[in-house]
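In: Got a sequence here, can you model it:
(one chain, ligands or ions: 3)
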Amino acid sequence: MHSVTHAASIGAFKLSSDKNRDRKTGNRNSRKPEVKLTHRSPVMAVSESQPKVVTGDHGYVLEDVPHLTDYITDLPTYPNPLQDNPAYAVVEQYFVDMDDTIAQKIVVHANSPRGTHFRRAGPRQKVYFKSDDVHACIVTCGGLCPGLNTVIREIVGSLHDMYGVKRIEGIEGGYRGFYSRNTIPLTPKAVNGIHKRGGTIIGTSRGGYDNKKIVNSIEDRGINQVYIIGGDGTQKGASAIYEEVRRRGLKVAVVGIPKTIDNDIPVIDQSFGFDTAVEEAQRAINAAHVEAESNENCIGLVKLMGRNSGFIAMYATLASRDVDCCLIPESSFYLEGPGGLFEYVEQRIKENGHMVIVVAEGAGQDLVAESLRTNDDKDASGNKLLNDVGLWLSQKIKEHFKKQTEMEFNLKYIDPTYMIRAVPSNASDNVYCTLLAQSAVHGAMAGYTGFTVGPVHGRECYLPFYRITEKQNKVVITDRMWARMLSSTNQPSFLNTKDIIESIMDEAPPTQLLDDQLADNSLVTKEATVC
Ligand SMILES: Nc1ncnc2c1ncn2[C@@H]1O[C@H](COP(=O)(O)OP(=O)(O)OP(=O)(O)O)[C@@H](O)[C@H]1O
Ligand SMILES: O=P(O)(O)OC[C@H]1O[C@](O)(CO)[C@@H](O)[C@@H]1O
Ligand SMILES: [Mg+2]
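Out: Ligands and ions are numbered 1, 2, ... in the order given. I've put the predicted structure just below:
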């Protein structure tokens, strides 16, 4: 077992210490106190959580996720109700073997070490919550993404149909809803059919993160399973909620479900909604192509989402085959001179009479900022507000053609940014969302906490929060996918040596633990921790 010291236990149940706190605002007030039992259990010494790393033979490393038993002693277990569920009981080996782990790297050489692994998601034979005791909540934070409603629906469905859980609430309007809004009861009936709608039925927001108030609200409401759906910012917040829950010794499973239209969450194969967004982007690209083809010397310019990562633009370009140039944040470009964008645009228009450009919203921000001298404004969550590269580029291309060429010239700018994320998820994203939700629920019921769920090489895994918050997933411009994209458009690569070196540096996985690093880590054990 990993090294967590035992300490004097706190009474199994104790009266809420925060009984005078206003449930809506999280502030103390003079309302008549409601006497209730909290879900505190005997806890071990309150320690900051440390990565749980287990090593095995031949360089095997398991980067495990926390479990409630890491800090609470004597937790009772119960047989998993799924064993009596007619739909699942017939499936042989339905329960996941406790030793099942998924390799992070699957391209290996004969003498490669076995490398980093993650715990496989899925139902366990014993669970740490009695169905009647579960009080779950779901919150959605950050920008919209196709599939949010599907994940909500499937969490409710999984809790209810698989585990017989009846108390599930939606936290309204993102993190701040924990302490400033009422909750929305989520029943199978209430969520039936919501997967056919875009958006999130419980609302979302940026900013408003107050760790103490959020955990006070969780504690006051007696919530013991928290499902947090959101992007990189949200998952950082979820990680801090888990730490606070742990510090207070609460029997509360904190589970993250990664959401991002930008596909910028690392480690996992792909984020839900991305597939739908790429599909939806085709409509804008097709429109740009039709306009460009039908007008003389015409450029169709489409701006797509992608703040720091250009995956939507790259995949939409590759899928379309009508695009002549794709610009993303990871690959800097320049306008003037040999090999620059203007030269290429002129050449394409002369050769073909039309062209389509796809630009990710985060591309060329250094150039736009230089030319517009804008402020460093941020949104409520602290994300840098971007300049409109699409408008800027349209303007620059128009100016160039007016000044430098005699050509009659047209440019049609299409900005479908919100349209690609406000749509309902497509069929494949719906299935993906179902797997994510079921895996999240199985993990919480099995007592795991402080984790995010996601597929690694097609298998659902439980990932420690730090693994998905430590960096953003970016398009690697020295990788074959970007090369495929370049060869499909024939655009200049705009690459210089500095970009190539930076890209190669970015590619090295920062927490791919090496044996010599592990030797110094006091939490590393030589046998797997079985919970
Ligand atoms: N480092 C952080 N620690 C705690 N909370 C955070 C942190 N960063 C962001 N948050 C909170 O998480 C929520 C969502 O963050 P943000 O608006 O950045 O969206 P996101 O989850 O990254 O999703 P996306 O960027 O894909 O829309 C906000 O309520 C924000 O206050
Ligand atoms: O305008 P909003 O709602 O803050 O969201 C815009 C951002 O959200 C995302 O869709 C996801 O982070 C980005 O692509 C985009 O920059
Ligand atoms: Mg984000």
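
In: where in the protein is pLDDT low?
Out: 1-48, 92, 373-374, 496-531 (pLDDT under 70).

In: interface residues of it facing ligand 3?
Out: G231, D232, G233 (Cβ under 5 Å from the ion). For the C-beta atoms, the positions are set from N, CA and C on the backbone; glycine is no exception.

In: Cross those against helices and list the overlap.
Out: Among the residues of the chain next to ligand 3, the ones falling in helices (DSSP state H) are D232, G233.

In: can you redo the residues of the chain next to ligand 3 as a markdown table with neighbour count and distance to G115?
Out: Putting those into a markdown table (neighbours: other Cβ atoms under 10 Å; distance: Cβ to Cβ, whole Å) gives the following:
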| residue | neighbour count | distance to G115 |
| --- | --- | --- |
| G231 | 24 | 27 |
| D232 | 24 | 24 |
| G233 | 21 | 29 |
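
In: Which ones among the residues of the chain next to ligand 3 also lie next to ligand 1?
Out: Applying Cβ under 6 Å from any ligand atom to the residues of the chain next to ligand 3, one finds that G231, D232, G233 fall near ligand 1.

In: residues contacting V359?
Out: Going by Cβ atoms under 8 Å, 6 or more residues apart in numbering, V359 touches L301, V302, K303, L304, A313, C326, L327, V389, G390, L393.

In: can I assume the second one sits in a strand?
Out: This means V302. Yes. According to DSSP: H, G, I helix; E, B strand; the rest coil, V302 belongs to a strand.

In: hang on, the earlier thing: which of the contacts of V359 count as buried?
Out: Neighbour counting with 16 or more other Cβ atoms under 10 Å marks L301, V302, K303, L304, A313, C326, L327, V389, G390, L393 as buried within the contacts of V359.

In: Next, work out how far apart the fourth one and V359 are.
Out: Just to be clear, that refers to L304. 7 Å (Cβ to Cβ, to the nearest Å).

In: Same check on the first one?
Out: For L301, the distance to V359 under the criterion Cβ to Cβ works out to 7 Å.

In: Need the residues touching each of the two.
Out: Common neighbours of L301 and V359 (Cβ under 8 Å, 6+ apart) are G390, L393.

In: what's around D97, how many residues?
Out: Applying other Cβ atoms under 10 Å, we find 11 residues neighbouring D97.

In: and it, helix, strand or coil?
Out: Classified using three-state DSSP, D97 is coil.

In: Same question for A292.
Out: helix.

In: Can you verify my assumption that it contacts N286?
Out: No. Between A292 and N286 there is no contact under Cβ atoms under 8 Å: 10.6 Å.

In: who's more crowded, the two?
Out: Neighbours per residue (other Cβ under 10 Å) separate A292 from N286, with A292 holding more: 25 against 15.

In: so how far is G59 from the more buried one?
Out: Distance from A292 to G59, by Cβ to Cβ: 53 Å.

In: Ramachandran angles for the residue of the chain positioned farthest from its centre?
Out: Within the chain, the residue lying farthest from the chain centre (Cα atoms, centre = their mean) is E406, at 48.5 Å. E406 adopts backbone torsions of phi -90, psi -10, taken as degrees, to the nearest 10.

In: which residue is nearest the middle of this structure?
Out: Nearest to the mean C-alpha position of the chain, by Cα atoms, centre = their mean, lies P258 at 2.7 Å.

In: is it in a bridge, and if so with what?
Out: G230 (DSSP bridges).

In: who touches both of L304 and V359?
Out: Joint contacts of L304 and V359 (Cβ under 8 Å, 6+ apart) are A313.

In: got a list of what the residue of the stretch 101-250 of the chain found nearest ligand 3 touches?
Out: Using Cβ to the ion, the closest approach of the stretch 101-250 of the chain to ligand 3 is made by G231 at 3.8 Å. Neighbour list for G231: C141, G142, G143, P258, K259, T260, D262, D264, I265 [criterion: Cβ under 8 Å, 6+ apart].

In: Does I349 touch L411 like I think?
Out: No. Counting by Cβ under 8 Å, L411 is not a contact partner of I349; they are 10.4 Å apart.

In: shared neighbours, those two?
Out: I299.

In: returning to that earlier point: nearest spatial neighbour of the residue of the stretch 101-250 of the chain closest to ligand 3, skipping sequence neighbours?
Out: In this structure, G231 finds its nearest non-sequential neighbour in T260, 4.1 Å apart by Cβ to Cβ, 6 or more residues apart in numbering.

In: Tell me the one among the buried ones among the contacts of V359 nearest to R153.
Out: R153 lies nearest to L304 out of these, by Cβ to Cβ, at 27.2 Å.

In: circling back: contacting residues for the residue nearest to the centre of the chain?
Out: Per Cβ under 8 Å, 6+ apart, neighbours of P258: G230, G231, Q235, I265, I268, S271, F272, T452, V453, G454, I468.

In: swap in S371?
Out: So S371 contacts W392, K396 (Cβ under 8 Å, 6+ apart).

In: Can you point out the helix or strand that includes it?
Out: Per DSSP states H and E: S371 is located in helix 365-372.

In: That helix: how far from the chain's middle?
Out: 29 Å (Cα atoms, centre = their mean, to the nearest Å).

In: how about that helix, does it reach ligand 2?
Out: No. Helix 365-372 stays clear of ligand 2 (Cβ under 6 Å from any ligand atom), getting no nearer than 11.3 Å.

In: Buried residues of that helix, list them for me.
Out: Buried-residue list, helix 365-372, by 16+ other Cβ under 10 Å: Q365, L367, V368.

In: what's the next secondary structure element after it?
Out: Defined by DSSP H and E, the subsequent element after helix 365-372 is helix 389-404.

In: neighbouring contacts of that next one?
Out: By Cβ under 8 Å, 6+ apart, helix 389-404 touches 299, 301-303, 327, 335, 342, 345-346, 357, 359, 361-365, 367-368, 371-372, 407, 409, 411, 413, 415.

In: How far does stretch 191-203 stretch from one end to the other?
Out: 14 Å (Cα to Cα, to the nearest Å).

In: what comes up buried for that stretch?
Out: V191, I194, H195, G198, G199, T200, I201, I202, G203.

In: do the same with stretch 148-165
Out: Buried, per 16+ other Cβ under 10 Å, within stretch 148-165: 148-160, 162-163, 165.

In: what about E243, is that helix, strand or coil?
Out: helix.

In: That one: neighbour count?
Out: E243 has 18 nearby residues by other Cβ under 10 Å.

In: Now do the contacts for the residue nearest to it when sequence neighbours are not counted.
Out: Using Cβ to Cβ, 6+ apart and skipping residues adjacent in sequence, the residue nearest E243 is S49, 6.3 Å away. Contacts for S49 (Cβ under 8 Å, 6+ apart) come out as P66, D70, Y242, E243, R246, G450.

In: can you name the two of those that are farthest apart?
Out: Taking Cβ to Cβ, no two of those sit farther apart than D70 and E243, at 12.3 Å.

In: correct me, but G230 touches I138?
Out: No. Between G230 and I138 there is no contact under Cβ under 8 Å: 11.1 Å.

In: Can you give me the neighbour number for Q93?
Out: 6.

In: Where does it fall, secondary structure wise?
Out: Using DSSP H and E, Q93 falls outside every helix and strand.

In: Pull up the residues of the stretch 101-250 of the chain that are close to ligand 1.
Out: 141-143, 174-175, 206-209, 230-234, 236-237, 240.

In: Keep only those of the residues you listed that are in helices.
Out: Going by DSSP H, the helices hold D232, G233, T234, K236, G237, A240 from these.

In: Look up the closest residue to the residue in the stretch 351-500 of the chain that ligand 1 sits nearest to, ignoring the ones flanking it.
Out: Here the stretch 351-500 of the chain gets closest to ligand 1 at one residue, S381, 3.1 Å apart by Cβ to the nearest ligand atom. The spatially closest residue to S381, leaving aside those adjacent along the chain, is R206, at 4.0 Å (Cβ to Cβ, 6+ apart).
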